[in-house]
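Student: the amino acid sequence is not available; the structure is as follows:
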């Protein structure tokens, strides 16, 4: 196991998120098994919430599936979330994640598309679609960025273009070149 994975495991054990993950997996009827890089998988989860194919708590990846092989995109996606738990201080990740999901919904109408945790874990690997911003927000963003419909910078009042390059510092010693 790489040093970074050992650190992640130790941090998630210390902050209690792995213990909480194991408890939730067992409460949902999942079978716990060791996985690579210090992770655990809980397969066969039977509780109705959360309504996703897999979720992570600490170093425990929980799924309704009978197996979740480590060479799958979904496993890699969930493994990235285990590192996020370590960086966020364990269970503190839950309110941060839900706030990011809410912001994503406000921005796009989808809980995952603009959720920074899902984006950093790989949207496609987690089965999420990349939705555009809501039309009203795209319009606001274009105005804020100063871009028109073609994506080019909009003209600013009084802007006459780049003009000639300055010849240098003006003053009594400045001379014009031929």
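Tutor: Received it, and whenever you're ready, just let me know what you need. If you're wondering where the values come from, they're calculated on a predicted model, not measured in any experiment.
Student: tell me where the chain has helices.
Tutor: Here the chain has its helices, by DSSP state H, at 3-14, 17-27, 73-87, 93-108, 116-121, 135-145.
Student: list the buried residues in the fourth one.
Tutor: Taking 16 or more other CB atoms under 10 Å as the neighbour-count basis, helix 93-108 is seen to contain the buried residues 93, 97, 100-101, 104-105, 107-108. The C-beta positions use only the backbone N, C-alpha and C, and glycine is treated the same way.
Student: name the nearest of these relative to residue 135.
Tutor: Within the set of the buried residues of helix 93-108, residue 108 lies nearest residue 135; the separation is 10.5 Å, counting by CB to CB.
Student: and for the residue nearest to the closest one when sequence neighbours are not counted, the neighbour number?
Tutor: In space, residue 108 comes closest to residue 131 once its chain neighbours are excluded; the distance is 4.3 Å by CB to CB, 6 or more residues apart in numbering. Residues near residue 131, counting by other CB atoms under 10 Å, number 15.
Student: let me see the contact set for residue 131.
Tutor: Neighbouring residues of residue 131 by CB atoms under 8 Å, 6 or more residues apart in numbering: 108-110, 113-114.
Student: drop anything exposed from those.
Tutor: Among the contacts of residue 131, those classed as buried by 16+ other CB under 10 Å are 108, 110, 113-114.
Student: okay, those residues in a markdown table with pLDDT and distance to residue 23 next?
Tutor: As requested, those are exported to a markdown table (pLDDT from 0 to 100; distance: CB to CB, whole Å):
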| residue | pLDDT | distance to residue 23 |
| --- | --- | --- |
| 108 | 95 | 33 |
| 110 | 96 | 30 |
| 113 | 96 | 30 |
| 114 | 96 | 31 |
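Student: redo those residues as CSV? Include distance to residue 74.
Tutor: Supplementary listing: the buried ones among the contacts of residue 131 in CSV, determined by distance: CB to CB, whole Å:
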residue, distance to residue 74
108, 22
110, 18
113, 17
114, 20
